[in-house]
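Peer 1: Curious how this folds, go ahead:
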Amino acid sequence: MSLAPRSSNDTVQLLVLDRIDEARNMARYYVLSIEPTLLGDTAIVRAWGRIGYAGRQRIDLHETAADARIALAAWLKRKVRRGYLIRQAHGACLDLKGA
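Peer 2: Numbering: from 1, shown residues only. As a prediction, this is how the structure comes out:
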């Protein structure tokens, strides 16, 4: 951990995933974001739950942004395998299983 000042190019990267199956009464969301911490580390923030309700949240710290991106890619792959789709800005979902 370093006490380096935050740079002006620190940004939050955010992915919102949905898994909706009306036949099974399933409507879930999963949010993955990479955020800088106050101490110069990088955090992956994961939030999940049923759409329309408060869910749970977990923060995983990583020493570098590259480590955080690798971890985010692993989580994204895991969630896509389980049937989650990336929510687009206009509300539609993007299917990554074929990619």
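Peer 1: quick one: average pLDDT of the one helix or strand R19 maps to?
Peer 2: Of the helices and strands defined by DSSP states H and E, R19 is found in strand 13-21. For strand 13-21, mean pLDDT rounds to 90.
Peer 1: That one pairs with which strands, and in what direction?
Peer 2: Strand pairing for strand 13-21, using DSSP bridges, gives strand 26-36 (antiparallel), strand 85-87 (antiparallel).
Peer 1: Can you pull up the most central residue in this protein?
Peer 2: Central residue of the chain (Cα atoms, centre = their mean): L32, 0.7 Å from the mean position.
Peer 1: Just to check, that one is in contact with L15?
Peer 2: Yes: between L32 and L15 there is a contact under Cβ atoms under 8 Å: 4.6 Å. Using the backbone N, CA and C atoms, a C-beta is placed for each residue, glycine as well.
Peer 1: Tell me who's in contact with H62.
Peer 2: H62 makes contact with D41, T42, A43, I44, A68, A71 under the criterion Cβ atoms under 8 Å, 6 or more residues apart in numbering.
Peer 1: For the first one, give me the backbone phi and psi.
Peer 2: Right, the one you point to is D41. Backbone torsions for D41, taken as degrees, to the nearest 10, come to phi -80, psi -180.
Peer 1: One more: the second one?
Peer 2: Taking degrees, to the nearest 10, you get phi -120, psi 140 for the backbone angles of T42.
Peer 1: what's the helix or strand containing V80 in contact with?
Peer 2: Using DSSP H and E, V80 sits in helix 65-81. Here helix 65-81 makes contact (Cβ under 8 Å, 6+ apart) with 13, 15, 17, 30, 32, 34, 42-44, 46, 60, 62, 96-97.
Peer 1: who wins for most neighbours among these?
Peer 2: Compared across the contacts of helix 65-81, L17 has the highest neighbour count, 23 neighbours, by other Cβ atoms under 10 Å.
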